Structure formats: C-alpha cells, structure tokens
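>>> dropping the sequence and predicted coords here.
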Amino acid sequence: MSDIKQPIVTTGAPEAVGAYSQAIRSGEWLFLSGQIGLDPANVQLVSGGVAVQTAQIMKNIAGVLAEAGGDFSNLVKVTIYLVDIADFSGVDAVYASYLAPPFPARATVGVAALPKGALVEIECIARIF
C-alpha cells in the first residue's frame, strides 16, 4: 500500500459497512470517515437518544485515532451532522467532555436523515506526527 494513502482499520470502531475505510492516513494527515452511534461489537445503533449516540461516536473516534497513534488532541477539524438542530446543545456537551482546549475547528450541519436512523454523525480530520 502506498504511503500516500494508508487505510486505518481497528476493532475499536464499527467495521466499514460499505465502500469506505474507517480512516485514511496520508502522511501526517488522518481523514476519519463519518461515525454514527454504532456499537463495534454488534454494529447496531445504540439506543437511548442523541447523547448516548454521541458518546458512542466519540468512543469510536477514539478507537480510530488510537489505531493511528493519536488521540483527541490531534483533531484539527470536525463536522457534526444533526437530524434535529435542536439537539445541538446536548451533542455539544457530550462532545466537549472528550476534548480539551484548544478545541478543533468545527462545523455543525442540520440534515434530513442519516444512515440507520441515526440522530448524529461526526467526521474528523486529524494531524498525527
């Protein structure tokens, strides 16, 4: 596999269920595919609402980052997709509990629907030396 495009694969996050990689490393840059609140053990959406899904997503992101040799401090850009933008503050509270300043740049976008009926999806870009 080329050094320009190395797939990252971990059991610490749900396996890819389509034509994508959990993450792709290109040099110091790591591009994480969007995560929804799937439990890696059974690849089922966790129940309990948007806060529980967000916590699972953050655990999944941590698993991918760890496999690549990083952690949340390596995040530089995050995009959050919400089915209901009214969930912003609840998602933000869970999300922030996993991070420390300086926080990554971020965008939050309202969307009509997400795979498997998820309420939230998060994708990230990290820089790992």
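Received it, and whenever you're ready, just let me know what you need. Numbers count the residues shown, from 1 in each chain.
>>> now the strands: where do they sit in this structure?
Here the chain has its strands, by DSSP state E, at 6-8, 23-26, 29-35, 38-39, 44-45, 75-82, 105-110, 120-127.
>>> where is the longest helix in the protein?
When the chain is parsed with DSSP state H, its longest helix is helix 50-67.
>>> does anything pack onto it? Which helices or strands?
strand 29-35, strand 38-39, helix 88-96, strand 120-127 (3 or more C-beta pairs under 8 Å, 6 or more residues apart in numbering; DSSP states H and E). The way it works is simple: take the backbone N, C-alpha and C, and place the C-beta from them, glycine included.
>>> buried ones in that helix?
By 16 or more other C-beta atoms under 10 Å, the buried positions in helix 50-67 come out as 50-51, 53-65, 67.
>>> so where is the protein shaky, pLDDT-wise?
Scanning the chain for pLDDT under 70 picks out 1-2.
>>> of all the helices and strands packed on helix 50-67, which one is nearest Ser73?
Of all the helices and strands packed on helix 50-67, the one in closest proximity to Ser73, counting by C-beta to C-beta, is strand 120-127 (9.0 Å).
>>> pull up the pairing partners for the closest one, direction included.
Paired with strand 120-127 in the same sheet, following DSSP bridges, are strand 29-35 (antiparallel), strand 75-82 (antiparallel).
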